[in-house]
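Trainee: After the sequence you'll find the predicted model.
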Amino acid sequence: MPHESPLTRQWIVLRTVASRRYGATVRELAEELEVSLKTIRRDLDALQAAGLPLEETVVARGLKRWRIDPERWKPSIGFPFDEAVALYVARRLLEPLAGTPFWNAAQSALRKTRATLSDAALAYIDRFGETFHRTRFGESDYAGKAAIVEQLSQGIDDCREVFVTYRSLRSTEPTTYPIRPFGLTFHRGSLYLVGWAPDHQQIRHWKLDRMEKAAVTEVRFTRPADFDLEEHFKGSFGVYEGGGDVGVKVWFSAEVARYVTESTWHPSQQLTPRKDGSLVAEFQLDGTREIKAWILSFGRHAEVLGPEELRGEMGEEVGEMAARYGGRPEDRGQRAGVRGQESGGRSRGLEDRDAARDLEGRHDDESGRSSAPPIADEHPGRTGGSGRRGPRPS
């Protein structure tokens with residue numbers, strides 16, 4: 001690692017020394033990091049000068065080893081030194097959960113870490129965090145939702161029903177009903193509750209931001225033995241559960257092909273490069289609602305090859321967009337009104353786009369017929385535990 005920055009290299013030195021029971025010699029560190037002995041000695045001097053609990057000890061045959069000084073590192077949290085430092089540096093990643101019990105517990109551990117280290121050592125460790133930045137685009141703020149998260153967590157742990165007061169984006173008044181909570185998932189900066197909806201007899205998803213109250217009841221339930229959160233979301237392209245089995249094939253131009261290959265978008269993805277530099281991506285999904293917004297984000301550099309139904313929906317969406325940009329902004333309301341009358345007052349393409357962006361899904365009405373509001377806040381999931389139809393929670 002001869003090209004690492006001094007700060008990054010010093011973090012690796014610190015982590016290596018802390019993770020080994022008997023520490024490490026200067027030569028061992030130099031060989032592992034592929035730098036000179038002089039560079040390692042300079043790094044160790046800098047770490048010591050910063051007040052970090054490092055010490056040089058002499059072992060058998062006069063061999064000198066560097067380790068964490070056990071007399072200066074006696075944390076009450078029971079973490080090894082390198083893990084405690086990593087937690088302290090990564091504390092910014094927990095900020096989306098500020099105000100929740102998870103955040104409060106992490107802050108307790110951080111306070112114990114701070115109490116063990118000197119101000120100089122903390123200032124030096126903070127430099128590690130300054131080299132890492134996390135964007136907060138579209139991130140939810142849960143500072144005022146601590147009581148709700150606590151009630152939901154208690155319901156999940158104790159398998160007890162929770163009465164939730166929930167207001168959807170389209171509702172003018174909140175509604176209160178029971179939920180049998182199975183777990184929480186964090187997706188794109190927001191928390192979602194996954195649980196059984198007794199009123200609808202199916203697994204659904206609720207966005208925590210839209211919960212106004214939550215209260216644990218004494219009504220207990222049995223969580224399906226085969227339910228697994230990771231397995232539950234396996235077929236979705238986010239948090240929406242479509243309940244189907246759809247093979248999606250998308251072409252990407254050479255301009256964005258490399259970007260697509262840099263990430264795992266879905267466990268089922270298969271990427272096939274083409275000679276002209278373009279790429280074909282294939283996915284096996286429960287539904288297509290959420291992937292539409294993702295494909296649209298690539299603009300003219302992406303094209304749906306299949307299925308035909310999705311290709312038609314995307315064409316309709318793009319047509320709506322083209323029509324919208326075809327006139328002056330001040331004419332937008334009038335044009336939209338005319339198109340709305342011609343299409344029965346609703347635009348399926350825009351409806352699907354909005355639903356995908358808000359990660360909302362389709363639900364069944366009381367008569368059993370499938371209805372598709374522009375934005376439905378309760379995402380229906382699979383009816384069984386891990387994706388198969390199975391026993392309902394009792």
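Mentor: Thanks, I have it.
Trainee: how about the strands in the stretch 51-200 of the chain?
Mentor: Counting by DSSP state E, counting those that start in this stretch, residue ranges of the strands within the stretch 51-200 of the chain are 54-58, 64-68, 160-166, 175-187, 190-197.
Trainee: List the strands paired with the fourth one, with their directions.
Mentor: When you say that, I think you mean strand 175-187. strand 160-166 (antiparallel), strand 190-197 (antiparallel) (DSSP bridges).
Trainee: any idea how the protein splits into domains?
Mentor: Taking automatic domain parsing as the domain assignment, the ranges for the chain are 6-130, 146-229, 246-360.
Trainee: Please compute how far the first one lies from its chain's middle.
Mentor: When you say that, I think you mean domain 6-130. 28 Å (C-alpha atoms, centre = their mean, to the nearest Å).
Trainee: Now do the helices in the stretch 1-150 of the chain.
Mentor: Under the criterion DSSP state H, counting those that start in this stretch, the stretch 1-150 of the chain carries helices at the ranges 6-19, 26-33, 37-49, 81-89, 101-116, 119-130, 146-158.
Trainee: Now tell me which of those the model trusts least on average.
Mentor: Per-stretch mean pLDDT for the helices of the stretch 1-150 of the chain is lowest at helix 81-89 (a mean of 67).
Trainee: So which residue is dead centre in the protein?
Mentor: Centroid check for the chain by C-alpha atoms, centre = their mean gives His187 as the closest residue, at 3.9 Å.
Trainee: so how far is Tyr325 from it?
Mentor: Using C-beta to C-beta, to the nearest Å, His187 is found at 31 Å from Tyr325. In this view, the C-beta of every residue, glycine as well, is placed from N, C-alpha and C.
Trainee: Same check on Glu55?
Mentor: If you go by C-beta to C-beta, the gap between Glu55 and Tyr325 works out to 67 Å.
Trainee: neighbour count winner among those two?
Mentor: Between Glu55 and Tyr325, counted using other C-beta atoms under 10 Å, Glu55 has the larger neighbour count: 15 against 9.
Trainee: Quick check: bridge partners of that one?
Mentor: The partner residues for Glu55, given DSSP bridges, come to Arg67.
Trainee: Would you confirm that it contacts Trp66?
Mentor: Yes. Contact criterion C-beta atoms under 8 Å: Glu55 and Trp66 qualify, at 7.3 Å.
Trainee: For Phe137, which non-adjacent residue is closest in space?
Mentor: Gly189 (7.6 Å; C-beta to C-beta, 6 or more residues apart in numbering).
Trainee: so where's the stretch 101-250 of the chain shaky on pLDDT?
Mentor: Within the stretch 101-250 of the chain, the stretches with pLDDT under 70 are 101-102, 104, 116-118, 128-134, 241-242.
Trainee: if we can go back for a sec, most packed of the strands paired with strand 175-187?
Mentor: Comparing the strands paired with strand 175-187 by mean neighbour count (mean count of other C-beta atoms under 10 Å), strand 190-197 comes out on top with a mean of 22.
Trainee: Neighbouring strands - and their directions - for the very next helix or strand once past that strand?
Mentor: On the C-terminal side of strand 190-197, the closest following helix or strand by DSSP states H and E is strand 202-207. Counting by DSSP bridges, the strands paired with strand 202-207 are strand 190-197 (antiparallel), strand 379-380 (antiparallel).
Trainee: of all these, which lies closest to Arg42?
Mentor: strand 190-197 (45.1 Å; C-beta to C-beta).
Trainee: what's the angle from that closest one to helix 146-158?
Mentor: 50 degrees (axes from the mean of the first three to the mean of the last three C-alpha atoms, to 10 degrees).
Trainee: Restrict strand 190-197 to CA atoms and write it as PDB.
Mentor: Extracted C-alpha coordinates of strand 190-197, given in PDB (Å, rounded to 0.1, in the frame of the first residue of the first chain):
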ATOM      1  CA  SER A 190     -36.200   5.900   5.400                       C
ATOM      2  CA  LEU A 191     -37.500   3.200   7.800                       C
ATOM      3  CA  TYR A 192     -40.300   0.900   6.900                       C
ATOM      4  CA  LEU A 193     -42.200  -1.500   9.100                       C
ATOM      5  CA  VAL A 194     -43.000  -4.900   7.800                       C
ATOM      6  CA  GLY A 195     -45.800  -6.800   9.400                       C
ATOM      7  CA  TRP A 196     -49.200  -8.500   9.200                       C
ATOM      8  CA  ALA A 197     -52.300  -6.500   8.600                       C
END
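Trainee: Lys64: how many residues sit nearby?
Mentor: A count of nearby residues for Lys64, using other C-beta under 10 Å, gives 12.
Trainee: was I right about it contacting Thr25?
Mentor: Yes. Counting by C-beta under 8 Å, Thr25 is a contact partner of Lys64 at 6.6 Å.
Trainee: what about the strands in the stretch 201-350 of the chain?
Mentor: Using DSSP E, counting those that start in this stretch, strands in the stretch 201-350 of the chain cover 202-207, 211-220, 246-252, 270-273, 279-285, 302-306.
Trainee: elements contacting the third one?
Mentor: Counting contacts by 3 or more C-beta pairs under 8 Å, 6 or more residues apart in numbering; DSSP states H and E, the secondary-structure elements packed against strand 246-252 are strand 279-285, strand 302-306.
Trainee: Give the pairing partners of that strand; include direction for each.
Mentor: Going by DSSP bridges, the partners of strand 246-252 are strand 279-285 (antiparallel), strand 302-306 (antiparallel).
Trainee: So for it, what gets flagged as buried?
Mentor: 246, 248-252 (16 or more other C-beta atoms under 10 Å).
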